[in-house]
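Trainee: this is a predicted model, with the sequence first.
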Amino acid sequence: MRIITANVNGIRSAARKNFFRWLARQRADVVCLQEVRAQQAQLADPVFHPRRFHCYYLHAERPGYSGVAVLSKRQPNRLIEGLGWPDLDGEARYLEAQFGRLSVISLYLPSGSSGDQRQAVKMNFLDRFARYLKACRKRRRDYIICGDFNIAHKKIDIRNWRSNQKNSGFLPEERAWMDALFNELGFVDAFRLLNTQPDQYTWWSNRGNARANNVGWRIDYQVISKELGDKVQRARIYTARNFSDHAPLIMDYDL
């Protein structure tokens, strides 16, 4: 099973940059997209519904904002839209596709970079999501959580870690949440099971030639139930072409 996750920073913009033409050659079984930033009525063009894929889009109440999607070659047994949180589900950040006992989730965690108010929203989301994941672990399901977590976990995951320790995305409390995710909640950073090298980034600022100089952050993940750890076969970050300020993360599993 090949799973691709990508923050497209506007799916219409990514389409103009030939994202779907590239995707057609990737032999993906499931594709998780974040920051779709389009309403359903804006996705009528067939390009957004590739052949051989079942396509599910979840848009935010606010136009041009957030939004997630799951594209899968196999039709899911069940689709879950949102987390059941009325105050945040309107931002369209969670879409779960169930295939038997396997759940593949497209997740777009809030960013706190715009100020203290959104950082508070982010931390509230993290607290509640940790409790949600703890409950998930009791359901005897396998999980692959794909998406933009808006957090670089360790120093190896960010080029300029010293100067970013007080910035959203690399705050001590955010990194501690990631520690708990991997150490206490029973999940694994699938990419790092295969690749422990530095300079492996999935997001670059649009300022200062950051991408050309590989001054980036690794904030896009495939987080898996620890029971799937021995099923991870291959991991790579696709950087040959730019579809957005994020790069797609491609992973193969023996499932």
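Mentor: Perfect, thanks for sending it. Here the structure is a predicted model, which is why all the values come from computation and not from measurement.
Trainee: going by C-alpha atoms from here, please, whenever you check contacts or count neighbours.
Mentor: Will do.
Trainee: residues contacting the closest residue to Val104 other than its chain neighbours?
Mentor: Excluding its sequence neighbours, the residue lying closest to Val104 (CA to CA, 6 or more residues apart in numbering) is Ile144, at 4.9 Å. The neighbours of Ile144, taking CA atoms under 8 Å, 6 or more residues apart in numbering as the test, are Leu102, Ser103, Val104, Ile105, Gln222, Val223, Ile224, Ser225.
Trainee: could I get the residues you listed in CSV, plus columns for secondary structure and neighbour count?
Mentor: As requested, the contacts of Ile144 are exported to CSV (DSSP: H, G, I helix; E, B strand; the rest coil; neighbours: other CA atoms under 10 Å):
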residue, secondary structure, neighbour count
Leu102, strand, 16
Ser103, strand, 21
Val104, strand, 26
Ile105, strand, 28
Gln222, strand, 27
Val223, strand, 21
Ile224, strand, 23
Ser225, strand, 20
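Trainee: what about the strands in the protein?
Mentor: Remark: strands assigned in the chain by DSSP state E are 2-7, 30-34, 54-58, 68-72, 78-81, 94-99, 102-108, 142-148, 187-189, 203-204, 216-217, 220-225, 232-237, 249-253.
Trainee: TSV for the ones you listed, including distance to Gln119 and mean pLDDT?
Mentor: What follows is these, written out as TSV (distance: least, CA to CA, whole Å; pLDDT from 0 to 100):
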stretch	distance to Gln119	mean pLDDT
strand 2-7	20	98
strand 30-34	19	98
strand 54-58	23	98
strand 68-72	20	98
strand 78-81	24	98
strand 94-99	19	98
strand 102-108	15	98
strand 142-148	16	98
strand 187-189	23	98
strand 203-204	19	98
strand 216-217	18	98
strand 220-225	18	98
strand 232-237	28	98
strand 249-253	26	98
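Trainee: reformat the ones you listed as a markdown table; add distance to Lys122.
Mentor: Converted to a markdown table, the strands of the chain look like this (distance: least, CA to CA, whole Å):
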| stretch | distance to Lys122 |
| --- | --- |
| strand 2-7 | 18 |
| strand 30-34 | 16 |
| strand 54-58 | 20 |
| strand 68-72 | 17 |
| strand 78-81 | 19 |
| strand 94-99 | 14 |
| strand 102-108 | 11 |
| strand 142-148 | 13 |
| strand 187-189 | 20 |
| strand 203-204 | 19 |
| strand 216-217 | 18 |
| strand 220-225 | 16 |
| strand 232-237 | 26 |
| strand 249-253 | 23 |
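Trainee: tell me which of those strands sits nearest to Ser163.
Mentor: Closest approach to Ser163 among the strands of the chain is made by strand 216-217 (12.8 Å; CA to CA).
Trainee: that older thread, in JSON lines, list the contacts of Ile144 along with distance to Gly186.
Mentor: JSON lines is the format used below for the contacts of Ile144 (distance: CA to CA, whole Å):
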{"residue": "Leu102", "distance to Gly186": "16"}
{"residue": "Ser103", "distance to Gly186": "15"}
{"residue": "Val104", "distance to Gly186": "16"}
{"residue": "Ile105", "distance to Gly186": "16"}
{"residue": "Gln222", "distance to Gly186": "14"}
{"residue": "Val223", "distance to Gly186": "10"}
{"residue": "Ile224", "distance to Gly186": "9"}
{"residue": "Ser225", "distance to Gly186": "6"}
